[in-house]
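Q: Sequence first, then the predicted structure:
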Amino acid sequence: MRGSKAKALRRRADELIVGWLRNMVPEGEDVSRINTRTIDSFLPDETHFYANGQTRLYYMSRKWVRKQLKRNPDMTLTDLINAETA
């Protein structure tokens, strides 16, 4: 994958994560604090877990979202939320 395409994919992944995080915030809370620069403080530090003898990616981690976007670059937030965690 070219660097420019990978860079665009990373940016798109961050935008989707921000949208997902903003949907998860309860009403009345300030959603303007969540942006592409601050998503690291809202996501867990660990990105992998071990289950059934396998190491797997956590749902909606940056790497998981990028992996899903590589399969289908035109995914929307609803498609991503409904994606199988396999």
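A: In hand now; what should we look at? Remember, it's a predicted structure, so these values are computed and weren't measured experimentally.

Q: Can you tell me the number of residues neighbouring residue 77?
A: For residue 77, the neighbour count with other CB atoms under 10 Å is 15. Where you see a C-beta, it was placed from the backbone N, CA and C, and this is true even at glycine.

Q: how about it, phi and psi?
A: When read as degrees, to the nearest 10, the backbone of residue 77 gives phi -60, psi -40.

Q: could we number from 47 for the rest of this?
A: OK, 47 is where the count begins now, so the last one is residue 123.

Q: Tell me how far it lies from residue 101.
A: 26 Å (CB to CB, to the nearest Å).

Q: Could you say which helix or strand holds residue 102?
A: Following DSSP states H and E, one finds residue 102 within strand 100-103.

Q: Name the strands paired with that strand and say parallel or antiparallel.
A: With DSSP bridges as the test, strand 100-103 is paired with strand 94-97 (antiparallel).

Q: Let me know the average pLDDT across the partner strand.
A: Across strand 94-97, pLDDT averages out at 94.

Q: If you count contacts, what does the top helix by length along the chain end up packed against?
A: Counting by DSSP state H, the longest helix found in the chain is helix 49-70. The contact analysis (3 or more CB pairs under 8 Å, 6 or more residues apart in numbering; DSSP states H and E) places helix 49-70 against helix 85-88, helix 108-117, helix 123-127.

Q: Just give me how far the first one sits from the chain centre.
A: With CA atoms, centre = their mean, to the nearest Å as the basis, helix 85-88 stands 11 Å off its chain's centre.
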